[in-house]
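[1] 3D model of this:
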Amino acid sequence: MDLSKRYNAGTRYHAPRSFPEYNEDHDFRVLNWNEWQFWLKNGYLLIPNAVPINQCERLIEATWQYLDADADNPSSWYTIPANNDDKKTRKSIAGMVELYHHPAQWANRQHPRVYNTFVDLWGTEKLWVSLDRVNINLPNRKSWKFEGFLHWDIDTSQTPLACNIQGVLSLSDTVSGMGGLQIVPELFLQMEEWLYRQPKNRDPRLPDLSGFDVLDIESHAGDLVIWDSRMAHGTGRNYSERPRIAQFISMTPAEPHESELLQIRIESFKNRTGPALCGMPGDELEYRFGPPAILSGLGEKLLGCEPWG
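    Numbering: from 1, shown residues only. The predicted model follows:
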């Protein structure tokens, strides 16, 4: 297997996993019973106020600084080279910003409410956090067009389907039409039946959405949206006048026995680069961009440089 497909954002994304079984009197840390039932049935959930607004603002400021752009000057937003074939570019046309280990990113990753949400979802305290990026989806212009696309990050031709959790933290308020997260809950609910009807030569990562409604997820700054990896999802076109800015955050059960992956994670943090073998190019500029992140005791365990015990 291509290791860039085996690993994603510093995690073993396609590992076979399952969600825990709870009863109604389970002592959740963040969720409640009704939210848990909604998650299992519908495959997505919004966690309000996952991090404080001031933490969102710090990462927004860092993102603009990294991109050498002015938040109040739209003409500066589009001057940064954005060639999808150039693996050294700081930002792609889809808005992926090659920033992985800024202190503001780690402040959000190791925030207790974010961590405890994933403890509820996985049923274990021993987790690793994804080493993922910031996304800035700019308003479309003649010279800058991103139409958005819906997809899966898993191979839906595989049986059984990989079971994982993806997440995005809204750094700014996001309304419908602003280029935020889009999902297809109807398809998720009919996934098994839908797959049975599909031709064998279909693209296992790009769904045929004929007859399905696409849902725009609206959120406030500081909200965390999570979705099941079997949910078709994507970033929509930004029809507004303001950028949509978000941070991808997820967690999976820790796998310290995966020595190669553990080393990739530690080296990524140490060198302030994208995690190797994960299809994330990184940018050498990050190494020179401000002081390194200081991890809390929880952060060290979420990275993997300290064991859970």
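[2] going forward, measure contacts between C-alpha atoms and count neighbours the same way
    Noted.
[3] right, and the helix or strand after the worst-scoring helix or strand of the chain on mean pLDDT?
    One helix or strand of the chain scores below all others by mean pLDDT, DSSP states H and E: helix 3-6, with a mean of 49. Later in the chain than helix 3-6, the nearest helix or strand by DSSP states H and E is helix 33-42.
[4] so what's residue 189 up against?
    With CA atoms under 8 Å, 6 or more residues apart in numbering as the criterion, the residues that contact residue 189 are 41-42.
[5] repeat that for 7 Å
    Listed by CA atoms under 7 Å, 6 or more residues apart in numbering, the contact partners of residue 189 are residue 42.
[6] may I have the predicted confidence score for it?
    In this model, residue 189 is scored at 97, pLDDT.
[7] repeat that for residue 284.
    The predicted local distance difference test score for residue 284 is 59.
[8] what ranges do the strands span in the stretch 51-200 of the chain?
    When secondary structure is read from DSSP state E, counting those that start in this stretch, the stretch 51-200 of the chain shows strands at 96-97, 127-129, 134-137, 148-151, 165-170, 181-183.
[9] between those, which gets nearest to residue 35?
    With CA to CA, the closest approach to residue 35 among those belongs to strand 165-170: 15.4 Å.
[10] is it true that residue 293 touches residue 103?
    Yes: judged on CA atoms under 7 Å, residue 293 makes contact with residue 103 at a distance of 4.1 Å.
[11] can you pull the contacts of residue 71?
    With contacts taken as CA under 7 Å, 6+ apart, residue 71 has the following neighbours: residue 64.
[12] cool, and residue 307?
    residue 301.
[13] let's see that with 8 Å instead.
    For residue 307, the contacting residues are 256, 301, taking CA under 8 Å, 6+ apart as the criterion.
[14] for it, helix, strand, or coil?
    State at residue 307, reduced to three classes by DSSP: H, G, I helix; E, B strand; the rest coil: coil.
[15] quick one, grab the pLDDT at it.
    pLDDT for residue 307: 97.
[16] separation between it and residue 255?
    Distance, residue 307 to residue 255, using CA to CA, to the nearest Å: 10 Å.
[17] now residue 204
    Plainly put, residue 204 is 27 Å away from residue 255 if you go by CA to CA.
[18] same question for residue 180.
    For residue 180 relative to residue 255 (CA to CA), the value is 31 Å.
[19] okay, the two: which has more neighbours?
    In this comparison of residue 180 against residue 255, neighbours counted by other CA atoms under 10 Å, the higher total goes to residue 180 at 28 against 15.
[20] before we move on, the earlier item: can you put the strands of the stretch 51-200 of the chain in TSV and add distance to residue 68, mean neighbour count and mean pLDDT?
    Converted to TSV, these look like this (distance: least, CA to CA, whole Å; neighbours: other CA atoms under 10 Å; pLDDT from 0 to 100):
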stretch	distance to residue 68	mean neighbour count	mean pLDDT
strand 96-97	12	22	88
strand 127-129	28	24	97
strand 134-137	13	25	94
strand 148-151	24	18	91
strand 165-170	21	24	97
strand 181-183	25	24	98
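[21] show me where pLDDT drops low in the stretch 51-200 of the chain?
    Scanning the stretch 51-200 of the chain with the threshold set as pLDDT under 70 gives 80-92.
[22] now swap in the stretch 201-309 of the chain and tell me
    Low-confidence segments of the stretch 201-309 of the chain (pLDDT under 70): 277-288.
[23] can you give me the helices in it?
    Assigned helices in the stretch 201-309 of the chain, in chain order: 259-271, 297-303 (criterion: DSSP state H, counting those that start in this stretch).
[24] closest one to residue 72 among those helices?
    Between residue 72 and the helices of the stretch 201-309 of the chain, the shortest separation by CA to CA is 31.4 Å, and it involves helix 259-271.
[25] pull out the buried positions in that closest one.
    261-269 (16 or more other CA atoms under 10 Å).
[26] ditto for stretch 97-117
    Buried residues in stretch 97-117, defined by neighbour count with 16+ other CA under 10 Å: 97-111, 113-117.
[27] next one: the most centrally placed residue in the chain from residue 145, what distance?
    By CA atoms, centre = their mean, the chain has its centre lying nearest to residue 248, at 2.9 Å. Distance of residue 248 to residue 145, computed by CA to CA: 22 Å.
[28] wait, which of the buried residues of helix 259-271 is closest to residue 129?
    Closest approach between the buried residues of helix 259-271 and residue 129, by CA to CA: residue 265, at 9.8 Å.
[29] ok, that closest one - contacts?
    Under the criterion of CA under 8 Å, 6+ apart, the contact partners of residue 265 comprise 10, 131, 275, 303-304.
[30] this completes my enquiry, with thanks.
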